[in-house]
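A.B. asks: Show me how the following folds:
(one chain, ligands or ions: 2)
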Amino acid sequence: MSKVTGLGVDDEAFLVSSLIDRCPKVMMLRELVQNAIEAARQCPDLKQVRIGTVEVEGVRKLRIWNTGPGMDADALYRMCDLASSIGKVKGLDRNFGMGAKVASLPSNHHGVRYRSCAAGRVSEVTLGKRDGVYGRLLRPQPGRVYRPGAERLVDVADVTELAVDDGLPVDHDWTEVVLLGQEPGQDTAIDPYHGDPASKPYWLPQALYHRYFDLPADVALVVEPGLHWFKAPRRFEPLKRRATTAFAGYEAVPAGQGITIHYLHDPQHAARPQENASSEDALQASSSLIAVVWRNEMYEVQHGSPWFYEAPIFGFTFGGRHLSVLIELSDDYPLLPDMYRQFLRYEGSEQQQVRTKDFAALVREKQPGWVRSIARRTTEGRAVNAAIVNEFGSLAGRLGLDQLSEGDKAAEGEKAEGSKGKASVTAPKEKDVSATSDAFAGVRKACGVEPVLLRNPVDVRDRWLEGRAACFYPETQQLFINMGYDGLLRFQGQLHDAAAPLADKETLRQLVEDVTEGHFVRRLVRAVLFGLAKHLNSKNWQKGHIEKAISPEALSTAADDFDDLLPGALAAIRDHLASRPLDASPSPEPALPLPV
Ligand SMILES: Nc1ncnc2c1ncn2[C@@H]1O[C@H](COP(=O)(O)OP(=O)(O)OP(=O)(O)O)[C@@H](O)[C@H]1O
Ligand SMILES: [Mg+2]
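C.D. replies: Ligands and ions are numbered 1, 2, ... in the order given. A predicted model of the protein is given here:
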């Protein structure tokens, strides 16, 4: 005998519409394609999904078609209800019986038309929203003639004759979904969300590429012309299948505890510098990316500028534009997708959302040598000499920061959820330091902060440093410095003018650059050290306050004030010129004065 009376639903219409309206619109394609794949897999012979277009009343609409067991009128009626899964296993990490409806209806109030062929008969139902209510649309049974006033309306219609007229086969099962959009005139192939959000041309292959890391090997997913720039239908190949053929480098590194890290290198395209080489003859653009992969699907995908910006956190000091990382968690990793499968959560306790950053330390640590050599271009050490390194060391000691170089203090919050959401993965320490083969390794050893000088405008843009002096990445303790910063250029201009009578232009240019760059780097490293020290030395300064104190904006204003540095810089130039033999060219490392 049951010990409870199960809970029911008091206001069903409200529950249904709230479940639908809450679903992120962008999940639509995934849900429809996933259904198509799940059905096609069950087809004994031709396992195929075709995504293309069809005209409905003269307007182009997106169409997803698949083989596999079809639905008869009764099954088609039932599948429209929520929590209705037919022939699949329902479960929190399996099927919910909702995907198709909740993900497509927010963007298709006008209609989502389902046609399915089962045992030679084709049934059709259109879901939509009328007078504020989601449901199956009623219409007269096609092909029947009724006496006026005696029409009988149906929700599921038999459309076998119509389908045959349209050239559709009835000798095997299939299912077709056509998205009618928000209104009859909407072209859902190019504008699936009716402008909200706006879609880029050929959005579809990109959306597939950013979701499916792999597909069942036996299912062919074909994308028809009109949805990409090729004239013939093309088979969609997911990233994992292209890894060894379209990329210059690929390695899958087992990282233990059910985690595999995939590293991919995609160099610049020879003829199109804005693109990567893998875009050649591909359905989709080729921007590098990072994502978490679970059961062949990608979550928290970041690509383009946001990925280039975050790449150093994952150990890519340079090269984020050409390096991709996929953090794959095993099928049995204790995760739960959220209700709409937009995010993953760790099972148990607080069910935190899974983030790529949770695995940043692991991605750094497991980096293969060939990736490391792409990611760690050496930077020129000209701006820093031994005196400055010593100065940083003693300043760090004075501020109590000397431990910083050993432990990843500032990145304390960064705990990987490896080991099934429990153990932390330690941040790389000495390993990272030894990888820095340039002059700045010394600075890092001395004070825990590693300056990385950026002289290439693309690197400056990728660190979001245009118009800014520097940015600090606490996870790796790297301080990226924009050597084209206008404050530095102004400093150089003024020093140049002040020193003009002292030497010829060329000698002076080199000297002014060395002296000002030294001051610039020093001011920024010192500002960061003072900022970090606040955390250690004052209870009133918490993480957020420190972030503000060493933000790119705060560092830029600190670097703008060089008036007080001018006299010392001029004196350094004088000293250098005075100590130089008359015919000698300037040494590459002038001795800079200690702080003024
Ligand atoms: N393209 C399709 N081909 C064949 N059957 C389909 C197709 N789309 C949906 N169905 C049937 O309709 C049912 C409901 O689909 P829906 O996407 O709403 O839920 P689900 O796939 O069972 O679960 P989930 O919430 O995980 O998507 C499916 O279980 C399946 O039987
Ligand atoms: Mg589904």
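A.B. asks: Nearest to ligand 2 within the stretch 351-500 of the chain, name that residue for me.
C.D. replies: Nearest to ligand 2 in the stretch 351-500 of the chain, going by C-beta to the ion, is Val354, at a distance of 21.5 Å. Quick note: C-beta positions are derived from backbone N, CA and C, even for glycine.
A.B. asks: Now do the helix or strand hosting Leu127: which elements does it pack against?
C.D. replies: Using DSSP states H and E, Leu127 sits within strand 121-130. Other helices and strands packing on strand 121-130, by 3 or more C-beta pairs under 8 Å, 6 or more residues apart in numbering; DSSP states H and E, are helix 73-79, strand 111-118, strand 133-136, strand 156-158, helix 160-165.
A.B. asks: hey, C-alpha coordinates of stretch 483-503 in PDB?
C.D. replies: In PDB, the C-alpha atoms belonging to stretch 483-503 read as follows (Å, rounded to 0.1, in the frame of the first residue of the first chain):
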ATOM      1  CA  MET A 483      54.400  48.400 -24.600                       C
ATOM      2  CA  GLY A 484      52.400  50.500 -27.000                       C
ATOM      3  CA  TYR A 485      50.400  52.200 -24.300                       C
ATOM      4  CA  ASP A 486      49.900  55.900 -25.000                       C
ATOM      5  CA  GLY A 487      51.000  57.000 -21.500                       C
ATOM      6  CA  LEU A 488      54.400  55.300 -22.200                       C
ATOM      7  CA  LEU A 489      54.700  56.900 -25.600                       C
ATOM      8  CA  ARG A 490      54.000  60.300 -24.000                       C
ATOM      9  CA  PHE A 491      56.700  59.700 -21.400                       C
ATOM     10  CA  GLN A 492      59.100  58.800 -24.200                       C
ATOM     11  CA  GLY A 493      58.200  61.900 -26.200                       C
ATOM     12  CA  GLN A 494      58.800  64.200 -23.200                       C
ATOM     13  CA  LEU A 495      62.100  62.500 -22.200                       C
ATOM     14  CA  HIS A 496      63.200  62.700 -25.800                       C
ATOM     15  CA  ASP A 497      62.600  66.400 -26.000                       C
ATOM     16  CA  ALA A 498      64.300  67.000 -22.600                       C
ATOM     17  CA  ALA A 499      67.400  65.000 -23.700                       C
ATOM     18  CA  ALA A 500      67.500  66.300 -27.300                       C
ATOM     19  CA  PRO A 501      70.600  68.400 -26.700                       C
ATOM     20  CA  LEU A 502      72.600  65.500 -25.200                       C
ATOM     21  CA  ALA A 503      73.100  63.200 -28.100                       C
END
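A.B. asks: wait, what's in contact with Gly304?
C.D. replies: Ser287 (C-beta atoms under 8 Å, 6 or more residues apart in numbering).
A.B. asks: Next: Leu488.
C.D. replies: Contacts of Leu488 were listed using C-beta under 8 Å, 6+ apart, and they are 469, 482, 516-517, 520, 559.
A.B. asks: How about the backbone phi and psi for Lys543?
C.D. replies: Torsion angles at Lys543 (phi, psi; degrees, to the nearest 10) stand at phi -50, psi -50.
A.B. asks: Run a quick neighbour tally on it.
C.D. replies: Here the number of neighbours of Lys543 (other C-beta atoms under 10 Å) works out to 11.
A.B. asks: if we can go back for a sec, please identify the buried residues of the strand holding Leu127?
C.D. replies: Neighbour-count burial for strand 121-130, with 16 or more other C-beta atoms under 10 Å as criterion, is recorded at 122-129.
A.B. asks: got it, and stretch 478-491?
C.D. replies: Judged by neighbour count (16+ other C-beta under 10 Å), stretch 478-491 contains these buried residues: 478-483, 485, 487-488, 491.
A.B. asks: What confidence value was assigned to Val178?
C.D. replies: pLDDT, Val178: 98.
A.B. asks: whoops, I mixed them up, Ser434
C.D. replies: At Ser434 the predicted local distance difference test score is 34.
A.B. asks: again, but for Val384
C.D. replies: In this model, Val384 is scored at 68, pLDDT.
A.B. asks: sorry, back to before: mind checking which of the buried residues of stretch 478-491 land in strands?
C.D. replies: Among the buried residues of stretch 478-491, the members found in strands (DSSP state E) are 478-482.
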